[in-house]
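Q: okay, sequence plus prediction incoming.
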Amino acid sequence: MADKTPTPRSKRVIAFMNQKGGVGKTTTTVNLAGALAAAGRNTLLIDLDPQAHATLHVGVDPNTIERSVYDVLLDPALDPRAAIVKVRDNLSILPAQTDLAAAEGELTPVADRQKRLEAALAKLPEYEFVLIDCPPSLGLLTLNGLAAAREVIIPMQAHFLALQGVSKLLETIAMMSQAVNPRLRVTGVVLCMHDGNLMHSKEVVADLEGFFDSAREQQTPWRFARVLRPAIRRNIKLAECPSFGQTIFEYAPNAPGAADYRELASGLLAEWDAMLSRADAGAPEVVVPPTKVAASA
C-alpha cells in the first residue's frame, strides 16, 4: 500500500497509448515512471493492459496479488490504495491481472463505464505523476485511461505504417475530448527503438513534425503536440530488463536506454515545474508551447 506523503500542488496524469503492439509503449511508460521516481517525484504507474507487462516489468507477479486494477474498476466503493503496491522509493503500481480482460464486458452495461478510473484517481491526491499504460486496443479500458488523463503520449517507431496508425489514435482522442474529457490533449510522440541515421526514419520524423506544425492554428487536442526529444535509441538492455523485474535504471543504469529515458524525463519535469511556477505567480493556465524538450537525436 502507498505511503502517506504530502499532497503535491498539482497532479500530472499521462496516458500512453498505441493500438499497435511491440512499439515500446510499456517500456516507455515504466522507464519514464522510474526516472520520475528517481527524481524524487511521487509516481503511480497504472497497468490497464490485461497482459500485465508493466506489472511484471517492475517485479510484481500478477498471480500473487489479492487485488488489481480490475477490482478498482469493477467496485467503485473500493479504496484504490487496497490494490496499490509500492515497488520502489517514490514509485507504486496499480497492477493488472489477466482477469482484467473480462472488465470490458462487465462494465458495458454500467452508466459511468468510461469514468471509473477517473473516479478512483480522485481518491489518490498524494501522487504528483500518474502514468497509465493503456492496452494496444481502442476498447473500454483505453477509454477509461483517456477519460482519466489530462495528456496523451504516443510511443511509436519511425516507420511509414506507424504514421497511418497515429491518425486513428488521434480520431479516438478527438472523440474523447469532445464527448468525455475536454481537457485532454496530446503532448507528443516518443520515438522508440530509433535509428536516427536511417533515411526512412528521418523522413517519417519530418512528416510527423510537419503534421504537428500544420495543426498549430487548429482547435484540436494535438495543437501543441511535438516529437519529444531525445528519441529512444535501440538498446538490447531495454528488452532484457523486464525479465528481471527491473527498470533500465536498476538493470543497466549506464546504458544508452537509461540515458535517453533519464533525459526525456528531465525535459518533461522542466516544463511541468515551469508551468507550476507560472501558476504560483498567478499567471493564467497555458498549454506547454511546442518547443523541443532537448536537442534533436
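A: Perfect, I can see it now. Numbering: from 1, shown residues only.
Q: where does G105 sit, in terms of helix or strand?
A: helix 103-107 (DSSP states H and E).
Q: quick one: residues in contact with that helix.
A: Y70, L73, L74, R113, R116, G139, L140, L141 (C-beta atoms under 8 Å, 6 or more residues apart in numbering). (Glycine included, C-beta is placed from N, CA and C.)
Q: what is the one helix or strand the second one maps to packed up against?
A: L73 belongs to helix 69-74 when assigned by DSSP H and E. When contacts are defined as 3 or more C-beta pairs under 8 Å, 6 or more residues apart in numbering; DSSP states H and E, helix 69-74 packs onto helix 103-107, helix 116-121.
Q: could you export the last one as CSV, CA atoms only?
A: Coordinates of each C-alpha in helix 116-121 appear next as CSV, following Å, rounded to 0.1, in the frame of the first residue of the first chain:
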residue,chain,number,x,y,z
ARG,A,116,-14.4,4.5,-13.3
LEU,A,117,-10.6,5.1,-13.4
GLU,A,118,-11.0,8.9,-13.1
ALA,A,119,-13.2,8.4,-10.0
ALA,A,120,-10.5,6.2,-8.5
LEU,A,121,-7.7,8.7,-9.1
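Q: measure how far that helix is from the centre of its chain, please.
A: 16 Å (C-alpha atoms, centre = their mean, to the nearest Å).
Q: now the helices and strands packed on helix 69-74 in TSV, with distance to I132, mean neighbour count and mean pLDDT?
A: Shown next, in TSV, are these (distance: least, C-beta to C-beta, whole Å; neighbours: other C-beta atoms under 10 Å; pLDDT from 0 to 100):
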stretch	distance to I132	mean neighbour count	mean pLDDT
helix 103-107	15	17	91
helix 116-121	8	21	97
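Q: re the thing from before, wait, which of the contacts of helix 103-107 is closest to D99?
A: The nearest member of those to D99, counting by C-beta to C-beta, is Y70 at 5.3 Å.
Q: need the pLDDT of that closest one.
A: We have a pLDDT of 97 for Y70.
Q: try L163
A: 78.
Q: equivalent analysis for V287, please.
A: Predicted confidence (pLDDT) for V287: 48.
Q: got it, and Q178?
A: pLDDT for Q178: 93.
Q: and the contacts of helix 103-107, which two are furthest apart?
A: L74 and G139 (15.6 Å).
Q: what about the two, which has more around it?
A: Taking other C-beta atoms under 10 Å, L74 and G139 do not tie; L74 has more neighbours (16 against 13).
Q: and the strands in the stretch 51-200 of the chain?
A: 85-88, 91-94, 129-133, 151-156, 185-191 (DSSP state E, counting those that start in this stretch).
Q: show me what contacts L94?
A: By C-beta under 8 Å, 6+ apart, the neighbours of L94 are L44, L45, I46, D47, S68, V69, V72, P80, A83, I84.
Q: run a quick neighbour tally on the fourth one.
A: In terms of burial, D47 registers 31 neighbours under the definition other C-beta under 10 Å.
Q: hmm, it is touching Y70, no?
A: No - with contact defined as C-beta atoms under 8 Å, D47 does not reach Y70; the gap is 10.3 Å.
Q: which neighbours do those two share?
A: By C-beta under 8 Å, 6+ apart, the residues touching both D47 and Y70 are A96.
Q: for the residue minimising distance to the centre of the chain, what are phi and psi?
A: By C-alpha atoms, centre = their mean, the chain has its centre lying nearest to F16, at 3.3 Å. The phi/psi pair for F16 (degrees, to the nearest 10) reads phi -110, psi 120.
Q: OK, contacts around the closest residue in space to it that isn't next to it in sequence?
A: Residue nearest to F16 in three dimensions, not counting chain neighbours: T29, with 4.4 Å by C-beta to C-beta, 6 or more residues apart in numbering. Counting by C-beta under 8 Å, 6+ apart, T29 touches F16, L45, A54, L131, I132, D133, P155.
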